[in-house]
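Engineer: sharing a model prediction with you, sequence too.
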Amino acid sequence: MSTKNQPVGYLPDENPSLLELIPFALQQIVVMFPATVLVALITGFHVSTTIFASGLATLCFILVTGRKIPLYYGSSFSYIAAISSIMGAEAFAGYTLNEKISIAQFGIVMSGLVSIVAGLIVKRSGKATIDKVLPPTVTGSISIIIGLSLAANALANACAYPESVKNTPQQGLAENMAWIIALITLISTILYSVYLKGKLSQLPILFGLLTGYVSAAIIGAITGIPFITFDAVQSQKIFSLPVFTLPKPSLAAVIAIMPIAIATIPESTAHIYQLDIYVNDLARKKNSPKKYDIEGKLGLNLIGDGIGDIVSGLIGGPAGTNYGENISAMAISKIFSVSVLIAASIITMIISCFTPLINVVYSIPTAVIGGLSIYLFGVIGAQGITIMMDKKVDMFKSKNLAVIAVILIIGLGGSFGFSNGMIPMFGAEFPAIATAAVFGIILNLLLSIGEKAE
């Protein structure tokens with residue numbers, strides 16, 4: 001049998017050559033970097049510390065999970081409102097930035113304990129119980145709303161132009177050029193992922209980014225609009241360790257931040273189900289005799305997630321979770337190798353210590369990130385459909401339609417209908433995606449009462 005049509009890709013326990021490892025790792029860094037940095041910017045955490053923490057937490061996650069689950073740990077948007085409430089609280093108004101971070105850190109560390117306890121419960125309960133609480137109607141719908149709730153961010157990034165041309169005669173031209181850069185990035189990335197063959201087919205995102213970057217440089221040179229700059233972080237030092245802080249016990253931080261961990265459990269579950277489907281699909285296409293039971297490692301994944309939060313929280317990074325963007329990149333490139341994520345983690349930690357390297361990453365125009373995001377966030381949403389198709393969800397069953405419908409509308413309506421994706425109810429505000437997940441889980445359990453096992 002000819003191996004000419006043998007599919008290219010790497011399974012979790014397969015190792016690319018060193019020559020391939022670096023570009024594969026850079027591709028993973030590119031897709032996680034914008035969101036992780038954005039969380040730091042919004043919450044007021046130190047950017048370099050946040051980047052370092054994502055790399056270190058990923059390494060710890062991979063170690064704890066025995067190199068069995070290829071996931072990257074990054075800062076989670078679910079915690080933004082809770083962390084910001086601590087950072088901006090009147091009670092801490094007289095504190096320094098590092099003192100505020102220390103207080104928030106305590107809540108982040110405690111949220112890690114919630115994930116660990118949840119992981120231990122899942123490991124003890126068994127697959128049947130998990131499937132009952134988190135069926136594909138729930139996890140698939142959550143995947144869809146995670147991807148689609150980010151649609152506004154993707155388009156906002158796609159038309160972003162340098163602040164320096166705001167309110168100048170060049171503003172209109174800059175916005176139009178930003179759209180052109182984003183479209184070049186998007187279309188080239190899609191074409192690379194569809195038409196490149198062999199080893200080159202594994203780097204569509206990196207190639208798409210480079211194409212967008214070059215187009216931004218050319219457009220900038222012609223128009224004089226500075227889409228690419230290298231002075232985002234101004235420092236005289238080339239090498240500088242991140243600012244590390246220690247947690248400071250605070251009941252307020254525990255109350256505000258710790259419960260959010262419950263909301264990330266369905267999201268993390270959806271990621272595991274996505275990964276299981278894509279990895280085993282590649283294994284079948286490569287005629288591998290091995291079955292990768294990633295779905296069965298949900299409990300271990302949650303424990304690893306909790307360890308990631310504790311590690312990040314102990315050194316001054318925000319709370320996080322495994323990233324759907326990285327799963328999208330893996331699904332597109334067919335690179336699921338754990339070694340690639342280890343390399344990405346190490347390179348990320350190195351980048352956080354060198355000002356010129358941070359500035360190189362920051363020099364990527366926001367419009368380029370927007371072009372990539374349109375594709376990546378859309379793939380996250382499509383993975384939710386994949387979960388339901390793979391699990392053969394009956395879309396004519398009233399119960400399934402009810403659960404899916406409620407999750408989609410609460411999740412998307414809350415994300416786009418209210419500021420910061422927080423739904424105001426009963427005198428409080430609740431994160432849209434978390435609220436949709438919890439409501440969907442409860443509704444599914446209620447509708448399952450008296451139902452006969454299939």
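Structural biologist: Arrived safely.
Engineer: wait, Ile433 touches Ala263, no?
Structural biologist: Yes - using CB atoms under 8 Å, Ile433 makes contact with Ala263 at a distance of 7.1 Å. Just so you know, the C-beta spots here come from the backbone N, C-alpha and C atoms, and that holds for glycine as well.
Engineer: which of the two has more residues huddled nearby?
Structural biologist: Ile433 (25 against 21; other CB atoms under 10 Å).
Engineer: check what pLDDT the nearest residue to the more buried one once chain neighbours are set aside gets.
Structural biologist: Nearest non-adjacent residue to Ile433, counting by CB to CB, 6 or more residues apart in numbering: Gly411, 5.3 Å away. In this model, Gly411 is scored at 91, pLDDT.
Engineer: sorry, back to before: what touches both of Ile433 and Ala263?
Structural biologist: Ser78 (CB atoms under 8 Å, 6 or more residues apart in numbering).
Engineer: so who does Val138 touch?
Structural biologist: Neighbours of Val138 in contact, by CB under 8 Å, 6+ apart: Pro266, Val403, Ile407, Ala437, Gly440, Ile441, Asn444.
Engineer: check what pLDDT the fourth one gets.
Structural biologist: Right, the one you point to is Ala437. 86.
Engineer: run a quick check on it versus Ser268, I expect a contact.
Structural biologist: No - assessed by CB under 8 Å, Ala437 is found out of contact with Ser268, at 10.7 Å.
Engineer: pLDDT of the helix ranked longest in the chain, averaged?
Structural biologist: Looking across the chain with DSSP state H, the single longest helix is helix 97-125. Averaged over helix 97-125, pLDDT sits at 93.
Engineer: only alpha carbons, please: show the next helix or strand after it as CSV.
Structural biologist: As assigned by DSSP states H and E, the chain's next helix or strand after helix 97-125 is helix 127-133. In CSV, the C-alpha atoms belonging to helix 127-133 read as follows (Å, rounded to 0.1, in the frame of the first residue of the first chain):
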residue,chain,number,x,y,z
LYS,A,127,-18.2,7.9,33.0
ALA,A,128,-21.9,7.1,33.3
THR,A,129,-22.5,9.8,35.9
ILE,A,130,-20.5,12.3,33.9
ASP,A,131,-22.4,11.6,30.8
LYS,A,132,-25.6,12.1,32.7
VAL,A,133,-24.6,15.5,34.2
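Engineer: list the buried ones in helix 127-133?
Structural biologist: Judged by neighbour count (16 or more other CB atoms under 10 Å), helix 127-133 contains these buried residues: Ile130, Val133.
Engineer: phi and psi next, for Phe239.
Structural biologist: Backbone torsions for Phe239, taken as degrees, to the nearest 10, come to phi -110, psi 130.
Engineer: which non-adjacent residue is nearest the spatially most central residue of the chain?
Structural biologist: The centre of the chain sits closest to Tyr323, judged by CA atoms, centre = their mean, with a distance of 2.8 Å. Closest residue in space to Tyr323, ignoring its immediate chain neighbours: Gly74 at 4.5 Å, by CB to CB, 6+ apart.
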